[in-house]
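Quick check, what structure comes out for this input:
(one chain, ligands or ions: 2)
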Amino acid sequence: MAIQVYNTLTRKKEEYKPINPHMTGFYVCGPTVYDYFHIGNARPFIVFDVVRRYLIYRGYNVRYVMNLTDVDDKIINRANERGVSSAEISQKYIAAFFEDIQKLGVRPADAYTKATDHITDMITLIERLVENDMAYESGGDVFFNVRNFEDYAKLSGKKLDELQVGSRIAVDERKKSPIDFVLWKAAKPGEPFWESPWGNGRPGWHLECSAMSMKYLGESFDFHAGGLDLIFPHHENEIAQSEGATGKPFVRYWLHNGFLDIKGDKMSKSTGNFFTARDILEKYPATAIRLFFLQKHYRSPIDFSDEVLQSAVTSNERLRLSYQKIVEAAGDVEAISISESDLTEEEKRFYSMLDGVHSEILTAMDDDFNSPLALGKMFDLFRETNRFIDNGLQTAQSRQLVDLARQRIDEYDSVFGVIDRSKAQVGQDKINEVVSTMVELRNAFRKERNFAVADKIRDALADAGLVIEDTPQGAKWRWGA
Ligand code: AMP
Ligand code: ZN
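Ligands and ions are numbered 1, 2, ... in the order given. Sure thing, here's the model as predicted:
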């Protein structure tokens, strides 16, 4: 079955048909780097990375691009407050952004595009718009001429007349129409600026994304994503700028994530009700935070609270232990091919459960990336595998089947990233340390001819499934009977 995607532009689910069979272009609006990002901002970074990973898993060659808005009013204001340059502010928070998304287990984009590295591309785009009579200069600013772009507001479904009424309060003499928006802002004292055909100035935020996405993904590409709040005006204006310049459809599928709310209100920097992702990462493992997000559909709202996160931590811990048990039970299986006719009834049932779960997970994810449903199926797989292990793995085929379950889990988790593997590693290292110390103690007791204690240590280790072998180099240990 083909992947179905909910497209904000058409307001329905549509089959995903790549524009270019060799490259799936995917652009996600990234952060404005004037502060640490909050845990609400983390949602698009996590969920669209999962969508991208799933597309890759399904065989698409995805090119994933994210912008870094490093010229903006908010950055300039922050720089003035702190008495430093805008560049200092943006560099600091770009570095922090990379640290935080890495900790959150977000895979790096194929390209991160900084607005200040692409000013020439932005100026070229504005020139095209001016040529097409879609833009005009006025007192050093350049505005988009909304009335000349027929399709304006097709993404948000807003009515031009209502927009006009809404914006009447802020009458701006320089504009032909109150709904025209700025593409290029004339420089003001103390602000960063670049030279342009319209004098010194800087680009508008919406324009940055049009210029950079088309530069890296072409004039028409498949996916463009961001939070719901970006539908209007940001994405609406991106469409106007891009299509106004090229005359071609800009983006085929528009994806928008729902908000992370806190006590019923959108988590937001401007209202002060937010927690930074770094603070949350201090308190909770990244895999639990990912589980918290992915257990909700990306378009639904999520309420943030310590209780909900705490329950994600509990599930995450159960998942970790369960995964560890599966890995240990599979052990170092000998690679034999599974022959269905040799399987016991119980093994046959387990084998067909694996295939059943596999197709259920694909069906869920194919249906507009329904991660909560897919994760539920993955939990079923854990439960069934643990039950199968508890019944005793008598045959090589049984162990092979558990290893197949482990491989499938690893495959699914390459999309979700919700299994905490760091602790499993630490756990193993700690065990090695403790066992080595016990072996050393046993050696010391033997040297003192205290065989009673030495044997007690050996027996305790044997009980745990560890064998001590006395070699000319001293005692060594290994797992086994
Ligand atoms: P910003 O840095 O404000 O441009 O936001 C970066 C991304 O986070 C954008 O895609 C926003 O739509 C998204 N975003 C902002 N606040 C929230 C929230 N409370 N919940 C989910 N996404 C959000
Ligand atoms: Zn954008």
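
Check whether Y6 sits in a helix, strand or coil.
strand (DSSP: H, G, I helix; E, B strand; the rest coil).

Near ligand 1, which residues of the stretch 201-350 of the chain are found?
Proximity of the stretch 201-350 of the chain to ligand 1 is confined to G226, G227, D229, L230, N257, F259, L260, K266, M267, S268 under the rule CB under 6 Å from any ligand atom. No exception for glycine: its C-beta is placed from N, CA and C like everyone else's.

Which residue does the stretch 351-481 of the chain have closest to ligand 1?
Here the stretch 351-481 of the chain gets closest to ligand 1 at one residue, S371, 15.3 Å apart by CB to the nearest ligand atom.

Quick check: phi and psi on the nearest residue to that residue once chain neighbours are set aside?
Excluding its sequence neighbours, the residue lying closest to S371 (CB to CB, 6 or more residues apart in numbering) is L294, at 4.3 Å. When quoted as degrees, to the nearest 10, the phi and psi of L294 stand at phi -80, psi -10.

Contacts only, for the residue in the stretch 1-150 of the chain that ligand 1 sits nearest to.
In the stretch 1-150 of the chain, no residue comes nearer to ligand 1 than G40, which is 2.7 Å away by CB to the nearest ligand atom. By CB atoms under 8 Å, 6 or more residues apart in numbering, the residues touching G40 are G227, F259, L260, K266, M267, S268, F274, F304.

picking up where we left off before, save the residues of the stretch 201-350 of the chain next to ligand 1 as JSON lines, and put in distance to Y412 too.
JSON lines is the format used below for those (distance: CB to CB, whole Å):
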{"residue": "G226", "distance to Y412": "26"}
{"residue": "G227", "distance to Y412": "26"}
{"residue": "D229", "distance to Y412": "31"}
{"residue": "L230", "distance to Y412": "30"}
{"residue": "N257", "distance to Y412": "21"}
{"residue": "F259", "distance to Y412": "27"}
{"residue": "L260", "distance to Y412": "24"}
{"residue": "K266", "distance to Y412": "31"}
{"residue": "M267", "distance to Y412": "29"}
{"residue": "S268", "distance to Y412": "33"}
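
neighbour-wise, which of those leads?
N257 (28 neighbours; other CB atoms under 10 Å).

Isn't E243 up against N237?
No: the criterion here is CB atoms under 8 Å, and E243 misses it with N237 at 11.0 Å.

neighbour count winner among those two?
Remark: of E243 and N237, N237 carries more neighbours, 25 against 22, as counted by other CB under 10 Å.

Okay, buried residues for stretch 31-38 please.
P31, T32, V33, Y34, D35, Y36, F37, H38 (16 or more other CB atoms under 10 Å).

now, which of the contacts of G40 sits nearest ligand 1?
Taking the contacts of G40 together and measuring to ligand 1 by CB to the nearest ligand atom, the closest member is G227, at 1.9 Å.

Quickly list what the closest one is bridged to.
Beta-bridge pairing for G227 (DSSP bridges): N257.

ok, it - contacts?
By CB under 8 Å, 6+ apart, the contact list for G227 reads C29, G40, N41, R43, P44, H256, N257, F259.

Just give the number of residues close to P285.
With other CB under 10 Å as criterion, P285 counts 19.

That one and ligand 2: what is the separation?
30 Å (CB to the ion, to the nearest Å).
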